[in-house]
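In: sequence and computational prediction follow.
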Amino acid sequence: MSYAGYFHTPLPPLFVSGYPKSGTTLLLSLLDGHPQLIVIPEELHFFRNVLFAQNARRGVRVATGLKRFLPAEPGERGNWSQGKPQFLGGYPEFDDHKFSDLLDRALQQHRGGKDLLLRLVDAFVEADGSTTDGHKWCVTKTPNEEIYFPLMRRMFGADFMFLYIVRDPRDVYLSTRQRRAILGWRSKSAFNESARMVHFAADWGTRVRVAQRLQASQANFHVVRYEDLVLDTQAACARLGQWLRIENSTALHTPTRHGKPWGGNSVFADEFGGISAEACGRYQRLLDEPTWSGLEWLLRKEMAELGYAANSAGPRLGWRRRAALSARLRLQLVNFGFLYKRRQAYMAARYWLETHRRAR
């Protein structure tokens, strides 16, 4: 592949992902300050919103985190990073007008697929006044991106890494429920709450099983636990650095965002001065027993494999309740499995057609 027109020698990508509210932002913020990494501190959503978009320019400027590095529209104040006070002004140190011009240049010159992603990153690095010299990886983050791993392999071969973070599903469910409440998506009945619990278990379980299979079969796929990061940061970051083949720098122990201290993006409005384990096990205080015991039953296999212990040795649910939940979960798993494979097949077909169209 020719790199003519690039400002810098492209770096292989490191994709950071995980289920929403599992700690993907924390993981990205720990990587942010490492001297051998170039980190884009906002979610990219490249594969979902840009790669095959009819209007790639609109996709980049509207449906990716790169929009937060572009000039604000007249009268608009960017909702930078969930309204954290230190980011209400966005990234004033970043040359947003230069970045806007460089993005347009990249979108005019790209040859699709891999070249499009690398040119977007190249534009970011140039506008940021940085360089790829001495760096090993360019890091981007988007939740639920493990579904695109086969497509990434087609685009980059073995020249990329994928880092997937998991978190106790009981805490994840609590955070997603809190986020629904903030957005006004409240359950109107116990039935709706039960249905959402089964839906969550099927979605989370499907994605985590895929991640486990990929870790077992692919050397460039790695799973890390959120709890390990916050409870034993130094050991977890040492293992992470070894896997990435980068220096075990103390910069990995301090969360930052574009080089500035980062206080977290908790849906519970918590602000932290560094890494905190306060969110671990929060479900025990804020989830009712039928909900967390139901999740333990539905996800008992996945939790055991990932090292998440149940709250009790035996089931807390009656056999009728367990049978009903299991039956609904089986139906959901069939549905999720079908949709998951259909999405992967669709993306593979689109990539094949796009590649052959450009090769003509």
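Out: Structure's in. What do you need? Numbering: from 1, shown residues only.

In: wait, isn't Phe156 in contact with Pro13?
Out: Yes. Between Phe156 and Pro13 a contact is recorded at 6.9 Å, counting by CB atoms under 8 Å. In short, each C-beta sits where N, CA and C put it, glycine included.

In: more crowded one of the two?
Out: Taking other CB atoms under 10 Å, Phe156 and Pro13 do not tie; Pro13 has more neighbours (24 against 18).

In: so what sits opposite the more buried one in the bridge?
Out: Cys138 (DSSP bridges).

In: now do it against Leu298, distance only.
Out: 34 Å (CB to CB, to the nearest Å).

In: what's the answer for Phe160, then?
Out: The value you get for Phe160 to Leu298, if CB to CB is used, is 33 Å.

In: ok, the two, which is more surrounded?
Out: With neighbours defined as other CB under 10 Å, Phe160 and Leu298 compare such that Leu298 has more, 25 against 19.

In: just the helices in the stretch 151-300 of the chain please.
Out: Using DSSP state H, counting those that start in this stretch, the helices of the stretch 151-300 of the chain run over residues 169-183, 190-217, 226-231, 233-244, 283-286, 289-298, 300-306.

In: the fourth one - contacts with which helices or strands?
Out: The contact analysis (3 or more CB pairs under 8 Å, 6 or more residues apart in numbering; DSSP states H and E) places helix 233-244 against strand 221-225, helix 226-231.

In: redo the ones you listed as TSV? Include distance to Leu183.
Out: Below are the helices and strands packed on helix 233-244 laid out as TSV (distance: least, CB to CB, whole Å):
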stretch	distance to Leu183
strand 221-225	27
helix 226-231	23
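
In: is it possible to get CSV of those that adds mean pLDDT?
Out: Shown next, in CSV, are those (pLDDT from 0 to 100):
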stretch, mean pLDDT
strand 221-225, 98
helix 226-231, 95
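
In: Ile40 is in contact with Thr64, correct?
Out: No. Thr64 is beyond contact range of Ile40, at 9.5 Å (criterion: CB under 8 Å).

In: please report how far the closest residue to Asp159 other than its chain neighbours lies from Leu118.
Out: Nearest non-adjacent residue to Asp159, counting by CB to CB, 6 or more residues apart in numbering: Pro12, 4.7 Å away. Going from Pro12 to Leu118 by CB to CB gives 10 Å.

In: neighbour count for the two, which is higher?
Out: Set Pro12 next to Leu118 and count neighbours by other CB under 10 Å: Leu118 wins out with 23 against 15.
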